[in-house]
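J.: sequence first, predicted model second:
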Amino acid sequence: MIFMREFVDYPSQKDVYNGIWEYENGICYNRFGGHHDYKEHPLSEFFTADNWDDVLKYTIRDDTQITGWLAPDGTFYGCAPMDHIYLEDHVLQRDAVELEDEDWIKIYENPINMRVHHISEYGEDLPQYDYLGVHYPTPQQKEVLLKKGLTLHDYRW
């Protein structure tokens, strides 16, 4: 099977990573059956794999992305903006609630304004939560967030 890491251009943004697609006869298919015509882009790259499981297991983590999961020790596990669940299933092997209960931070994009990034949390009663349930990042997480240019107003640092 032929797959590709697709990049696209939008009127407001160039060279945007659009995820991994199966390629067949000029059509790009996602793992859910959605599809679109292939449009050539200089950054898009093709590769082969036996099936979607192999693709996800070995290519889903992409630390060049700004979105992904941030571990309490500051280790960043990047993924395409809509691929968190596959990173959880195939790489981290825990679901979002478990990760956030273990103080991980999920960084994701606002689907309306792709330049705005957010985090979410489910965990409670952890040492770095204040009485209102606001999560305080660990020093290592804070350092990574700031390096990525994410100054999240949701947090009181």
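T.: Received, thanks. Numbers count the residues shown, from 1 in each chain.
J.: count the residues that sit near residue 19.
T.: Residue 19 has 20 neighbouring residues, counting by other CB atoms under 10 Å. Using the backbone N, CA and C atoms, a C-beta is placed for each residue, glycine as well.
J.: hang on, it packs against residue 6?
T.: Yes. Residue 19 lies in contact with residue 6 (CB atoms under 8 Å); the separation is 6.4 Å.
J.: doesn't residue 87 fall inside a helix?
T.: Yes. Residue 87 forms part of a helix when assessed by DSSP: H, G, I helix; E, B strand; the rest coil.
J.: so the nearest residue to it once chain neighbours are set aside versus residue 85, what's the distance?
T.: Spatially, and ignoring its direct neighbours in sequence, residue 87 is nearest to residue 79 (4.3 Å; CB to CB, 6 or more residues apart in numbering). Distance, residue 79 to residue 85, by CB to CB, to the nearest Å: 9 Å.
J.: which of those two has more neighbours?
T.: When residue 79 and residue 85 are compared for neighbours, residue 79 comes out ahead with 24 against 12, by other CB under 10 Å.
J.: having no further points to raise, I will conclude here.
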